[in-house]
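[1] This is the structure alone, sequence omitted:
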Ligand SMILES: [Zn+2]
(Lines give C-alpha, C1' and ligand atoms only; values in the text may rest on other atoms or scores of the structure.)
Protein backbone atom coordinates (compact mmCIF):
# COMPACT_ATOMS: atom_id res chain seq x y z
CA UNK A 1 0.00 0.00 0.00
CA UNK A 2 2.83 2.38 0.86
CA UNK A 3 4.58 1.73 -2.43
CA UNK A 4 1.32 2.39 -4.31
CA UNK A 5 0.95 5.89 -2.85
CA UNK A 6 4.63 6.52 -3.41
CA UNK A 7 4.19 5.78 -7.11
CA UNK A 8 0.98 7.80 -7.35
CA UNK A 9 2.68 10.86 -5.84
CA UNK A 10 5.63 10.46 -8.21
CA UNK A 11 3.26 10.17 -11.16
CA UNK A 12 1.31 13.27 -10.07
CA UNK A 13 4.44 15.38 -9.69
CA UNK A 14 5.89 14.21 -13.01
CA UNK A 15 2.57 14.79 -14.79
CA UNK A 16 2.17 18.26 -13.32
CA UNK A 17 5.66 19.17 -14.53
CA UNK A 18 5.01 17.85 -18.05
CA UNK A 19 1.53 19.40 -18.28
CA UNK A 20 2.95 22.68 -16.98
CA UNK A 21 5.53 22.75 -19.76
CA UNK A 22 2.95 21.82 -22.40
CA UNK A 23 0.53 24.44 -21.08
CA UNK A 24 3.11 27.20 -20.80
CA UNK A 25 3.63 27.06 -24.57
CA UNK A 26 0.02 28.19 -24.88
CA UNK A 27 0.03 30.43 -21.81
CA UNK A 28 -1.86 27.92 -19.71
CA UNK A 29 1.09 26.73 -17.62
CA UNK A 30 -0.68 27.24 -14.31
CA UNK A 31 -3.77 25.31 -15.40
CA UNK A 32 -1.55 22.57 -16.81
CA UNK A 33 0.35 22.18 -13.56
CA UNK A 34 -2.87 21.87 -11.56
CA UNK A 35 -4.52 19.47 -14.01
CA UNK A 36 -1.42 17.31 -14.27
CA UNK A 37 -1.18 17.06 -10.51
CA UNK A 38 -4.84 16.21 -10.00
CA UNK A 39 -5.45 14.00 -13.03
CA UNK A 40 -1.98 12.64 -13.77
CA UNK A 41 -1.48 11.62 -17.43
CA UNK A 42 -5.09 12.62 -18.21
CA UNK A 43 -4.21 16.19 -17.21
CA UNK A 44 -1.46 16.20 -19.83
CA UNK A 45 -4.00 15.17 -22.46
CA UNK A 46 -6.50 17.79 -21.26
CA UNK A 47 -4.00 20.64 -21.29
CA UNK A 48 -3.46 20.00 -25.01
CA UNK A 49 -6.93 21.47 -25.52
CA UNK A 50 -6.15 24.57 -23.49
CA UNK A 51 -5.09 27.65 -25.35
CA UNK A 52 -4.96 30.99 -23.58
CA UNK A 53 -2.96 32.77 -26.19
CA UNK A 54 -4.37 36.14 -27.16
CA UNK A 55 -6.01 36.40 -30.55
CA UNK A 56 -5.93 39.20 -33.05
CA UNK A 57 -9.11 41.21 -32.60
CA UNK A 58 -9.33 41.75 -36.34
CA UNK A 59 -8.63 38.39 -37.97
CA UNK A 60 -8.64 36.04 -34.96
CA UNK A 61 -5.17 34.54 -35.51
CA UNK A 62 -3.42 33.15 -32.39
CA UNK A 63 -0.51 35.28 -31.18
CA UNK A 64 2.25 33.18 -29.59
CA UNK A 65 4.49 36.03 -28.49
CA UNK A 66 3.66 39.70 -28.14
CA UNK A 67 4.14 40.89 -31.67
CA UNK A 68 3.99 44.60 -32.45
CA UNK A 69 1.74 43.77 -35.35
CA UNK A 70 -0.36 40.84 -36.52
CA UNK A 71 1.53 38.38 -38.74
CA UNK A 72 -1.69 37.68 -40.62
CA UNK A 73 -3.38 41.03 -41.24
CA UNK A 74 -0.61 43.47 -40.18
CA UNK A 75 -2.80 45.31 -37.66
CA UNK A 76 -0.55 47.13 -35.17
CA UNK A 77 -1.15 46.33 -31.52
CA UNK A 78 -0.93 48.08 -28.20
CA UNK A 79 -0.34 45.54 -25.42
CA UNK A 80 -2.18 46.03 -22.15
CA UNK A 81 -1.13 43.10 -19.97
CA UNK A 82 -2.38 40.01 -21.78
CA UNK A 83 -4.76 41.91 -24.01
CA UNK A 84 -3.93 43.45 -27.33
CA UNK A 85 -5.72 46.46 -28.64
CA UNK A 86 -5.46 47.48 -32.24
CA UNK A 87 -3.61 50.78 -32.52
CA UNK A 88 -5.74 53.56 -33.92
CA UNK A 89 -4.86 53.94 -37.53
CA UNK A 90 -3.19 57.21 -38.44
CA UNK A 91 -5.24 58.84 -41.09
CA UNK A 92 -3.12 59.48 -44.13
CA UNK A 93 -3.88 62.83 -45.63
ZN1 LIG B 1 -4.81 39.92 -37.46
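    Received it, and whenever you're ready, just let me know what you need. Just so it is clear, the model here is predicted, and its values are computed rather than measured. Residues are numbered from 1 along each chain as shown.

[2] residues from this protein in reach of the ion?
    Residues of the chain lying near the ion by C-beta under 5 Å from the ion: 56, 58-59, 70, 72-73, 75. C-beta: built from backbone N, CA, C; applies to glycine.

[3] So which helix or strand of this structure has the lowest pLDDT on average?
    strand 83-86 (a mean of 82; mean pLDDT, DSSP states H and E).

[4] Show me what that one pairs with in its sheet, parallel or antiparallel.
    Sheet pairing here is set by DSSP bridges, and for strand 83-86 it gives strand 77-80 (antiparallel).

[5] May I see the buried residues of the strand it pairs with?
    For strand 77-80, burial by neighbour count (16 or more other C-beta atoms under 10 Å) applies to residue 77.

[6] Now do stretch 51-67, average pLDDT.
    Stretch 51-67 comes out with an average pLDDT of 89.

[7] Now do it: everything it contacts.
    Outside stretch 51-67, the residues within contact range by C-beta atoms under 8 Å, 6 or more residues apart in numbering are 26-28, 31, 70-73, 75, 77, 79, 82-86.

[8] just the buried members of the residues you listed?
    26-28, 31, 70, 75, 77, 84.

[9] Pick out the most distant pair among those.
    Using C-beta to C-beta, the two most remote members of the buried ones among the contacts of stretch 51-67 are 31 and 75, lying 28.0 Å apart.
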